[in-house]
Every structure is written in C-alpha cells, then in structure tokens.
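*Asks:* Okay, here's the prediction I keep looking at, along with the sequence it came from:
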Amino acid sequence: MDTSIFSDDLQAIGVPDHKKARGVARVLISESEIRDAIHTMARELDEEYADDVPLVICVLRGAIAFMSDLVKQMSVPLEMDFMAISSYGSSTRSSGVVRILKDLDEEVEGRRLLIVEDIVDSGLTLQYLLDYLERRNPRDVRVVALVKKDKPDAIPVQVDRVGFTVPDEFVVGYGLDYGGEYRNLPFIGVLDPSVYNGEGAQHPQLEDPSQT
Ligand code: IMP
C-alpha cells in the first residue's frame with residue numbers, strides 16, 4: 001500500500017508551538033494520518049503472517065516510533081529484534097557503506113523476517129541490510145517502510161509496503177532526526193533549510209558516520 005501523500009495534497013496544518021518543533025517549516029504527515037496508515041498496514045500484515053510467527057526487525061534508531069506503534073496494532077504473535085547500523089555519507093548522498101553497530105540477537109535461518117524501516121531515501125542502506133540478512137538463509141524477508149522519498153535516482157530496492165511517499169526534502173519527526181533531535185515529534189515535518197544551511201550547521205545528509 002502506498003498512500004502517496006504529497007505536501008500539496010494536505011490541508012495546511014500549523015506546526016505546533018512546541019520547543020521540540022522549533023525549526024520545522026511545515027507538517028507533512030499528521031499524527032492521525034500516521035495512525036491510520038499504520039492501522040491499515042497492521043491489518044495487511046496480520047493476513048500475511050496469519051500462519052507464522054515473524055521476527056520483526058527494528059532498524060535503530062529511526063524506526064523505533066513506527067515499530068512500537070505497528071506491533072501494538074498487529075494481532076498475530078510475533079517476536080522482535082533490533083539492529084543498529086550507521087551510514088557513511090558524503091555531503092550529498094549516502095554512499096551505501098554501512099557498518100553494523102548492533103547485530104540481531106536471534107537466529108534468522110528458516111524464519112520469516114519483517115524489516116521495519118523509518119525512511120528509504122537513496123535505498124542504499126536498505127539494500128545493504130537485505131543482502132546481509134539474505135546471506136543468513138531466512139525463509140523470506142519483507143520490508144515495511146513508513147516513508148519513501150520520491151527520488152528518481154534512488155536504487156530499485158525491495159520495499160513491500162510504504163506508508164507515505166514524500167517529496168525529496170529533509171524530513172524529521174516520529175523517529176526521524178536531524179543531529180539527534182526531533183525524534184519525539186508525533187508528526188513528520190519538513191525541516192526548514194535554514195537549520196542546516198546556517199553557519200556551522202551540518203548538512204542533513206550525514207557528513208559523518210552516524211546512526212540511522
Ligand atoms: P538511504 O539514503 O536510503 O540509504 O537512507 C539512509 C538513512 O538516512 C535513513 O535510514 C535515515 O536514517 C537517513 N535519512 C535519509 N533521509 C532522511 C530524512 O529526510 N530525514 C531523516 N533521516 C533521513
């Protein structure tokens with residue numbers, strides 16, 4: 001399912017006047033839109049895993065909010081595991097060189113895996129993760145991403161379910177960060193470019209290795 005939300009499709013929603021929302025230019029996906037999309041995804045996943053106990057894999061840290069809400073909406077029995085990875089990027093794009101900071105604790109051979117991702121941008125990080133997990137002989141691997149950027153030059157990576165397709169802008173909230181902040185916003189918003197274009201500001205595409 002892909003609800004293909006673009007900012008222009010949405011009614012203008014004011015950015016709440018919270019300290020934690022400072023620097024957010026506009027709300028792109030509201031809390032209730034996220035809730036509805038997750039509800040729909042959970043119903044579809046319940047059908048898909050009606051006869052299995054999937055191992056649901058949260059890609060730390062960005063997917064933490066999504067994962068938490070998704071599994072609570074799912075009715076099938078499941079197990080959870082966590083991976084932490086870092087992406088090394090140049091100033092303009094992810095290089096796809098990924099380092100595993102925390103590997104899975106569970107054995108995956110013969111199991112059905114569900115990767116829960118926050119955002120697919122260039123697709124390089126996810127492609128790395130898929131290659132890495134496939135080498136361990138799971139029964140199958142599916143991917144659910146809350147957000148996918150509409151990016152013509154992204155690599156064609158496997159994403160089985162997408163909550164929202166968004167324009168190619170830097171977004172924060174609901175797990176997504178800039179410099180470690182904004183993860184606790186209940187909505188997804190577009191970061192004002194002045195936040196990262198200002199003097200001394202980091203470019204949001206990760207100059208340094210950082211956790212996703
Ligand atoms: P990739 O380009 O698909 O490899 O994305 C790598 C990682 O960069 C994602 O998992 C996110 O953690 C991060 N990322 C990419 N775009 C954004 C964004 O717009 N906001 C916040 N994080 C992002």
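*Replies:* Everything's here; your move. Only a predicted model underlies this, so the values are computations on that prediction, with no experimental measurement involved. Numbering: from 1, shown residues only.
*Asks:* element containing the most centrally placed residue in the chain?
*Replies:* The geometric centre of the chain, computed from its C-alpha atoms, lies nearest to Asp118 (C-alpha atoms, centre = their mean), at 0.7 Å. Per DSSP states H and E: Asp118 is located in strand 112-120.
*Asks:* Quick check: mean pLDDT of that strand?
*Replies:* Rounded to a whole number, the mean pLDDT of strand 112-120 is 97.
*Asks:* same deal with stretch 50-57?
*Replies:* The model assigns stretch 50-57 a mean pLDDT of 97.
*Asks:* So for it, what gets flagged as buried?
*Replies:* For stretch 50-57, the buried set under the neighbour-count rule, 16 or more other C-beta atoms under 10 Å, comprises 54-57. Just so you know, the C-beta spots here come from the backbone N, C-alpha and C atoms, and that holds for glycine as well.
*Asks:* What of stretch 154-170?
*Replies:* For stretch 154-170, the buried set under the neighbour-count rule, 16+ other C-beta under 10 Å, comprises 154, 157, 159, 161-166, 169-170.
*Asks:* before we move on, what about stretch 79-88?
*Replies:* Neighbour counts over stretch 79-88 (16+ other C-beta under 10 Å) mark 81-83, 85-87 as buried.
*Asks:* Mind checking which of these land in strands?
*Replies:* When DSSP state E is applied, these are split such that 81-83, 85-87 fall in strands.
*Asks:* State the pair within the residues you listed that is farthest apart.
*Replies:* In those, two members sit farther apart than any others by C-beta to C-beta. They are Asp81 and Ser87, at 19.9 Å.
*Asks:* hang on, the earlier thing: ok, of the buried residues of stretch 154-170, which one's closest to Val98?
*Replies:* Val157 (12.9 Å).
*Asks:* list the contacts for that closest one?
*Replies:* When the contact criterion is C-beta atoms under 8 Å, 6 or more residues apart in numbering, the partners of Val157 are 120, 123, 126-127, 130.
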